[in-house]
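Q: Sequence first, then the predicted structure:
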Amino acid sequence: MLTDGSCDIDELFNFASKEVAEEYIVSEINKVYELQGAAISRKHVEVIIKQMFGRVKIVNPGDTRFTQSDVVEISTFRAENARVKGESGTEAKGKHLVLGITDVALSTDSWLAAGLSIYEVPRRMPVSTVRWARIESGLVTPTEAELADFERHVLRR
C-alpha cells in the first residue's frame, strides 16, 4: 500500500488482509522500540495484536442471544453459532473488527475490564445520559426493534 506516512489499520485490514495488517503493526511497533534501543519479543507483540483482531460486531443476530451491534469475542461468536446451528436455528452474522488496546480490554468480561472502564465513563456517559433522559422525559420513545433487542439481550443472558 502506498501512503504518505502511516497506514490506516482499518483500511489495511479491509483492503489487504488480516495477516498484512498484523505484520504492519508488528513492524511499526518494533521500529519504535528499536529507535529507543530497547528490545521486545515479537511474541509479546503478537499476543496483543491477536486480541486486537479477536472481536466481531454482530450485523444480524439471527436466533442467537446476541443483539445487533454487540461486540463479542470470536470464540464466543463461534460457540453461540454452533449452539444455534445444533438447534436448527439461524446463525448470527458478524463483521470482523480491529480494536485498539483500550477497547479490547473494555470488551473483555473480566474484573480488569471493569477496573479500566472507570476511565471510559466521562467519555461515554454523556451520550447514554442524554439518550435515557430523552426517553424518560417522553421526548423520544424506544422503537419496537430497540425494545425487542433489549429484551433478547437481557433475558437470554
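A: Nice, I can see it.

Q: what's the nearest residue to residue 18 if we skip its chain neighbours?
A: Nearest residue to residue 18, sequence neighbours excluded (C-beta to C-beta, 6 or more residues apart in numbering): residue 53, at 5.9 Å. Quick note: C-beta positions are derived from backbone N, CA and C, even for glycine.

Q: Against residue 44, how distant is that neighbour?
A: Between residue 53 and residue 44 the computed distance is 16 Å (C-beta to C-beta, to the nearest Å).

Q: any weak-confidence spans in the chain?
A: Along the chain, the parts satisfying pLDDT under 70 run over 1-3, 105-157.

Q: Now do the helices in this structure.
A: 9-15, 18-35, 42-52, 74-86, 101-106, 111-117, 121-136, 144-155 (DSSP state H).

Q: out of residue 53 and residue 44, which sits in the more crowded spot?
A: residue 53 (19 against 10; other C-beta atoms under 10 Å).

Q: how far does stretch 82-92 stretch from start to finish?
A: 10 Å (C-alpha to C-alpha, to the nearest Å).

Q: Just the buried positions in that stretch, please.
A: For stretch 82-92, burial by neighbour count (16 or more other C-beta atoms under 10 Å) applies to 84, 91-92.

Q: Going by distance to residue 49, which of the residues you listed wins?
A: Distance ranking of the buried residues of stretch 82-92 against residue 49, using C-beta to C-beta, places residue 92 first at 24.7 Å.

Q: residues touching the closest one, list them.
A: 58, 60-62, 64, 66, 77, 80-81, 84 (C-beta atoms under 8 Å, 6 or more residues apart in numbering).

Q: out of the residues you listed, which are buried?
A: By 16+ other C-beta under 10 Å, the contacts of residue 92 give 58, 61-62, 64, 66, 77, 80-81, 84 as buried.

Q: With residue 104 as the reference, measure out to the residue nearest to residue 18.
A: 9 Å.

Q: any idea how far residue 102 is from residue 48?
A: Per C-beta to C-beta, residue 102 is found 12 Å from residue 48.

Q: still on that earlier bit, just send the contacts of residue 92 back as CSV, with distance to residue 4 too.
A: Listed next are these as CSV, based on distance: C-beta to C-beta, whole Å:
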residue, distance to residue 4
58, 36
60, 38
61, 41
62, 43
64, 43
66, 40
77, 36
80, 42
81, 41
84, 46
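
Q: Good, we can wrap up now.
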